[in-house]
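**Student:** structure of the sequence below:
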Amino acid sequence: MTATIEDYRWLVSGEAEAWLAAARDEVERAGGASAGVVSRLRKDLSAERVHLVVEQVELRVRAREKFARAEAMFFTRKGLEQATDEQLAQYKAGRFEAGAPAFDLCCGIGGDLISLAGRGNAKGVDSDPVVALLAGANLRAQGVAGDEEMILVQDAAGVSLGGMAWHCDPDRRAQGRRATRGELFEPSLESLGGLLAQSGDAAIKLAPATEAPAAWSDAAELEWLGSRAECRQQVAWFGRLARHPGGRAATVVNSAGDSRTIRGSSQSVPPPAATVGSYVYEPHAAVLAAKLEGALCEEHGLSPVSTGIAYLTGDEPIDDEALDAFEVCDVLPLDRRQVREYCREHKIGRLEIKKRGVDVEPDQLRREIAAEGDNEATLLVAPLAGRVRVVVARRL
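**Tutor:** Numbers count the residues shown, from 1 in each chain. This next block holds a predicted model:
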């Protein structure tokens, strides 16, 4: 279904509000976009506008985990997937000078732009007139004052920065599929280099797995950002926005917007522990993407349970946003009969199974060993001292 820019202008206007509200109520009652909902809307709206209304209702439901005011915002499927959630966006915007002008290049539906504009005079740039239109509507929905000139429709590579600080989220799906290789981004890394030559105060959003260009290694600070239990993005900070040029960091931002940052070297990992301690810890995905589990070991006096395995162990309880904590109850060999008997004896019917470094299918193992009972446990399956073991633990 192909909608025109005029259809999208209608969508963000007051004229569409009643249709969006009616469709939302019906979709929520029916548990989805039923044929009846579509049929009733088609009595008054074109097929293109019915599609936009129904799609928008569905996207707003998905967007709730990213945006507190999702019900008042507008999205495309791709735009929502690529948008920075508001907790990470606020953290990132906090590095920019309050009140100073800034650009958000490839702003999409405005995830980062909303937070940047909330701190000062920020302008968004996107080559797609539809997402630029939605970004402007989202600024208004979030109560960010501004006018139509806050969003420029043009190629980001051709923007004259005038020495202003800038943020860029290159399109990582320019070839149709999500890419991690920088040469497939749009704007290209070469174009981003040209923008850096105009203004060295920059934040470039990358995929977590993207290998930053070697030329950036000394100038940029690489930071992996995590929220909602996952690593969401990597940011290369340049100029005055880089707090530790040449360094790397991992930052976890929780739902309240509080952040926890780990800095260090990706090379410093201590030798494995001789035995499993009283606690096992799993670093946040952002820490693992940044290869900074060694920094957490050094800070908290922890050791890996085995070489190359990202389960850390120690004898003291640790409360850290960057670590999932498990209290060790027992350590068993990976013998399905023995583990099944253990679960039966302890009436463990609810099992969380996690694994690292072993060829085990958690769902299949759960079916084989789970017993009747209301007790619960987490099984951490990993090699320990050369043999595969099952750590029976309680998630803290």
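**Student:** now residue 12, nearest residue through space, not along the chain?
**Tutor:** Closest residue to residue 12 apart from its sequence neighbours, by C-beta to C-beta, 6 or more residues apart in numbering: residue 137 at 4.0 Å. Every residue, glycine included, has its C-beta placed from N, CA and C.
**Student:** state the helix or strand in which the one you found lies.
**Tutor:** Residue 137 belongs to helix 129-141 when assigned by DSSP states H and E.
**Student:** so what secondary structure elements neighbour that helix?
**Tutor:** Contacts defined by 3 or more C-beta pairs under 8 Å, 6 or more residues apart in numbering; DSSP states H and E place helix 129-141 against helix 5-11, helix 111-119, strand 122-126, strand 151-153.
**Student:** which secondary structure state does the spatially most central residue of the chain sit in?
**Tutor:** By C-alpha atoms, centre = their mean, the mean C-alpha position of the chain lies nearest to residue 232, the distance being 2.4 Å. Recorded secondary structure, residue 232: strand (DSSP: H, G, I helix; E, B strand; the rest coil).
**Student:** just the pLDDT at it, thanks.
**Tutor:** The model reports residue 232 with a pLDDT of 96.
**Student:** how about low-confidence regions in this protein?
**Tutor:** For the chain, applying pLDDT under 70 flags the ranges 1, 30-34, 145-148, 173-184.
**Student:** please redo it, this time with the cut-off set to 80
**Tutor:** Counting by pLDDT under 80, the ranges of the chain that qualify are 1, 26-38, 145-149, 172-185, 266-268.
**Student:** in a strand, residue 353, correct?
**Tutor:** Yes - per three-state DSSP, residue 353 lies within a strand segment.
**Student:** spit out the contact partners of the spatially closest residue to it that is not a sequence neighbour.
**Tutor:** In this structure, residue 353 finds its nearest non-sequential neighbour in residue 362, 3.9 Å apart by C-beta to C-beta, 6+ apart. Listed by C-beta atoms under 8 Å, 6 or more residues apart in numbering, the contact set of residue 362 reads 353, 354, 355.
**Student:** rebuild those as TSV, extending it with neighbour count.
**Tutor:** As requested, the contacts of residue 362 are arranged in TSV below (neighbours: other C-beta atoms under 10 Å):
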residue	neighbour count
353	19
354	19
355	18
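**Student:** domain boundaries for the chain, per the record?
**Tutor:** As recorded under automatic domain parsing, the domains making up the chain are 5-63, 80-263, 279-395.
**Student:** now do the closest residue to residue 130 other than its chain neighbours: how many residues are near it, please.
**Tutor:** For residue 130, ignoring the flanking residues on the chain, the nearest one in space by C-beta to C-beta, 6+ apart is residue 8 at 5.3 Å. Residue 8 has 22 neighbours, counted by other C-beta atoms under 10 Å.
**Student:** how long is stretch 236-243 end to end?
**Tutor:** 11 Å (C-alpha to C-alpha, to the nearest Å).
**Student:** scratch that, stretch 27-39 is what I was asking about
**Tutor:** Stretch 27-39 end-to-end distance (C-alpha to C-alpha) = 13 Å.
**Student:** please state the offset of stretch 376-384 from the chain centre?
**Tutor:** The chain centre lies 26 Å from the centre of stretch 376-384; the measure is C-alpha atoms, centre = their mean, to the nearest Å.
**Student:** strands of the stretch 151-300 of the chain, residue ranges please.
**Tutor:** 151-153, 165-168, 202-206, 221-227, 230-237, 248-253, 259-264, 279-283 (DSSP state E, counting those that start in this stretch).
**Student:** still on that earlier bit, would you check that the residue nearest to residue 130 makes contact with residue 133?
**Tutor:** Yes - using C-beta atoms under 8 Å, residue 8 is in contact with residue 133, at 5.5 Å.
**Student:** that older thread, find the nearest non-adjacent residue to the residue nearest to the centre of the chain, please.
**Tutor:** Closest residue to residue 232 apart from its sequence neighbours, by C-beta to C-beta, 6+ apart: residue 225 at 5.6 Å.
**Student:** now residue 79
**Tutor:** residue 109 (3.8 Å).
**Student:** neighbours around that neighbour, how many?
**Tutor:** Here the number of neighbours of residue 109 (other C-beta under 10 Å) works out to 29.
**Student:** roughly how far does it sit from residue 73?
**Tutor:** 8 Å (C-beta to C-beta, to the nearest Å).
**Student:** intersection of neighbour lists for these two?
**Tutor:** In contact with both residue 109 and residue 73: residue 138, using C-beta under 8 Å, 6+ apart.
**Student:** quick revisit: the residue nearest to residue 232 and residue 237 touch, don't they?
**Tutor:** No - with contact defined as C-beta under 8 Å, residue 225 does not count as touching residue 237 (11.1 Å).
**Student:** out of the helices and strands packed on helix 129-141, which is closest to residue 331?
**Tutor:** When these are compared by C-beta to C-beta, helix 111-119 sits nearest residue 331, at 43.9 Å.
**Student:** now the angle between strand 202-206 and that closest one, please.
**Tutor:** 150 degrees (axes from the mean of the first three to the mean of the last three C-alpha atoms, to 10 degrees).
**Student:** can you list the buried residues in the longest helix seen in the chain?
**Tutor:** The residue-count maximum for a helix in the chain (DSSP state H) belongs to helix 47-63. Neighbour counts using 16 or more other C-beta atoms under 10 Å place 48-60, 63 of helix 47-63 among the buried residues.
**Student:** including distance to residue 293, could the residues you listed go into CSV?
**Tutor:** Formatted as CSV, the buried residues of helix 47-63 follow (distance: C-beta to C-beta, whole Å):
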residue, distance to residue 293
48, 50
49, 51
50, 50
51, 46
52, 45
53, 47
54, 45
55, 41
56, 41
57, 42
58, 38
59, 36
60, 37
63, 32
